[in-house]
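A.B. asks: here are the coordinates; sequence isn't available:
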């Protein structure tokens, strides 16, 4: 791997953000952070990460709306977004996918499954 895969972790809970980022760093990913939907949009537009892990319950602008805006922007619409949420009902998954998320992972996160989803979406599997 010549350059590291950049992952934007959008998470307003510091403990969750730290846990996710540490696990991803150990796998060789470079991590960017955002704590709300507006910050996420700005970070994606400025840095063009290879993938976004988007908490859906965020302050200021929620993950559903941030995803819709990123997917509506020609510059950022092809960047895969995985919804991260504690909402586990089937309609929550549908809501995230309808907003434009490319996949969905419930909390607590199964990191083996999450890494597989990341690698599949960025074309490494």
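C.D. replies: All right, it came through fine. Note that the structure is predicted; figures quoted are calculated from it, not measured.

A.B. asks: Tell me which residues touch residue 24, please.
C.D. replies: Counting by C-beta atoms under 8 Å, 6 or more residues apart in numbering, residue 24 touches 7, 9, 31. Quick note: C-beta positions are derived from backbone N, CA and C, even for glycine.

A.B. asks: Can you say which helix or strand has it in it?
C.D. replies: Element membership of residue 24 [criterion: DSSP states H and E] is helix 14-26.

A.B. asks: mean confidence for that helix?
C.D. replies: In this model, helix 14-26 has an average pLDDT of 96.

A.B. asks: buried sites along the helix or strand just after it?
C.D. replies: With elements assigned by DSSP H and E, the helix or strand that comes after helix 14-26 is strand 30-34. Within strand 30-34, the residues scored as buried using 16 or more other C-beta atoms under 10 Å are 31, 32, 33, 34.

A.B. asks: does the last one have beta-bridge partners, and which?
C.D. replies: Beta-bridge pairing for residue 34 (DSSP bridges): residue 10.

A.B. asks: Which helix or strand contains residue 45?
C.D. replies: Using DSSP H and E, residue 45 falls within helix 37-47.

A.B. asks: From the contact counts, what lies against that helix?
C.D. replies: On a contact count with 3 or more C-beta pairs under 8 Å, 6 or more residues apart in numbering; DSSP states H and E, helix 37-47 meets strand 6-10, strand 30-34, strand 51-55, helix 63-72.

A.B. asks: Give me the contacts around the least confident helix or strand in the chain by mean pLDDT.
C.D. replies: Within the chain, confidence by mean pLDDT, DSSP states H and E is lowest for helix 90-99 among all helices and strands, at a mean of 86. Here helix 90-99 makes contact (C-beta under 8 Å, 6+ apart) with 56, 63, 64, 65, 67, 68, 71, 83, 85, 104.

A.B. asks: which sections of the protein are below the confidence cut-off?
C.D. replies: 1-2, 88, 124-125 (pLDDT under 70).

A.B. asks: let's see it at 80
C.D. replies: Residue ranges of the chain with pLDDT under 80: 1-3, 87-90, 124-125.

A.B. asks: from the contacts of residue 24, which single one is nearest residue 79?
C.D. replies: For the contacts of residue 24, the residue nearest residue 79 by C-beta to C-beta is residue 7; the value is 10.7 Å.
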